[in-house]
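give me a model of this one.
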Amino acid sequence: MVAKERETTAPPAGKMTVEQFLGWADEDTWAEWVNGEVIMVSPASDRHQNLVGFLNTVLRLFVESRALGAIRSAPFAMHLPHIPSVREPDLLFVRQEHVDRLKENLLDGPADLVIEVTSPSTIHIDRGTKYVEYEAGGVTEYWLIDPDRQQAEFYRLGADRHYHLALPDAAGIYRSEVIPDFWLRVDWLWQEPLPMAEAVAIEIGGVSHARALLQMMLHTLGPEELQRLLDEISRPRARS
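Below you'll find the model as predicted:
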């Protein structure tokens, strides 16, 4: 998976309003806005980008094949109500009934799911400030994935408007509440190399959606990738 080249243009000096920030930032700008200050986002590692790309492909194929909503990846901004910040989550999911929140250059309101893949330089923000903001802003499900520690945490917003940790089952499988029928084998996240995302999407989707998924992939995969996909899905796997 090839990472996009990151924008490094310096922000204007001094504080700016959220409207000024959104007017300055374009689709290639990797930056966040916090209390009037522009925070440039540091370049990510190859491991981070590979993991984000893997999850992006798996989720996008699953969600689009079932018309469940929309997946967006950084740099794409999310502005939460009553929160003085604009964040760029690694990945976000918006349910079909909430896609009206998607504007040209940002999500105006909470995502139903946010995924942050942490690094040593961002773990304190992802686990601290962003956790608090996403909880207060109404993000229903928050995944915090730490590839260095091989640790994945899944939080769900309760009726009390606070996050509660949701654990994978005894087989190490986490089942999302906001994406119907979507499940994830946590061990996939730590494999080197990562599994083929298309094969994983087919395994998660099951036989009933395999045809729709394969039709989507036929237009994007080359002959070698198609052969690898066929090899992957023909291998025996543990039941979910």
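
pull the CA atoms of the host helix or strand of Y134 into CSV?
Y134 belongs to helix 130-137 when assigned by DSSP states H and E. Provided in CSV are the C-alpha atoms of helix 130-137 (Å, rounded to 0.1, in the frame of the first residue of the first chain):
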residue,chain,number,x,y,z
LYS,A,130,-8.6,13.0,21.4
TYR,A,131,-10.3,10.4,23.6
VAL,A,132,-12.0,13.1,25.6
GLU,A,133,-13.0,15.1,22.5
TYR,A,134,-14.4,12.1,20.7
GLU,A,135,-16.3,11.0,23.8
ALA,A,136,-17.7,14.5,24.4
GLY,A,137,-18.4,15.1,20.7
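
residues contacting that helix, please?
Here helix 130-137 makes contact (C-beta atoms under 8 Å, 6 or more residues apart in numbering) with 80-83, 85, 87, 110, 114, 116, 142, 144, 155, 157, 161-163. Every C-beta, even on glycine, is put in place using the N, C-alpha and C of the backbone.

and the lengthiest helix in the chain, average pLDDT?
Taking DSSP state H as the criterion, the chain has its longest helix at helix 46-65. Helix 46-65 carries an average pLDDT of 94.

of the contacts of helix 130-137 - the most surrounded one?
In terms of neighbours by other C-beta atoms under 10 Å, the contacts of helix 130-137 top out with R87 at 29 neighbours.

for it, name its beta-bridge partners.
Beta-bridge partners recorded for R87 (DSSP bridges): M78.

is it correct that it is in contact with P75?
No. Counting by C-beta atoms under 8 Å, R87 stays clear of P75, with 10.6 Å between them.

buried stuff in the helix holding Y134?
K130, Y131, E133, Y134, E135, G137 (16 or more other C-beta atoms under 10 Å).

for the next helix or strand after it, the distance to its chain's centre please.
Downstream of helix 130-137, the first helix or strand assigned by DSSP H and E is strand 141-146. Computed by C-alpha atoms, centre = their mean, to the nearest Å, the chain-centroid distance of strand 141-146 equals 9 Å.

run through who's touching strand 141-146.
So strand 141-146 is contacted by 51, 112-118, 123, 126-127, 131, 134-135, 151-157, 163, 176-178, 189 (C-beta under 8 Å, 6+ apart).

so for this structure, the centremost residue is which one?
The residue lying closest to the centre of the chain (C-alpha atoms, centre = their mean) is L91, at 2.2 Å.

ok, what's across the strand from that residue?
S73, I115.
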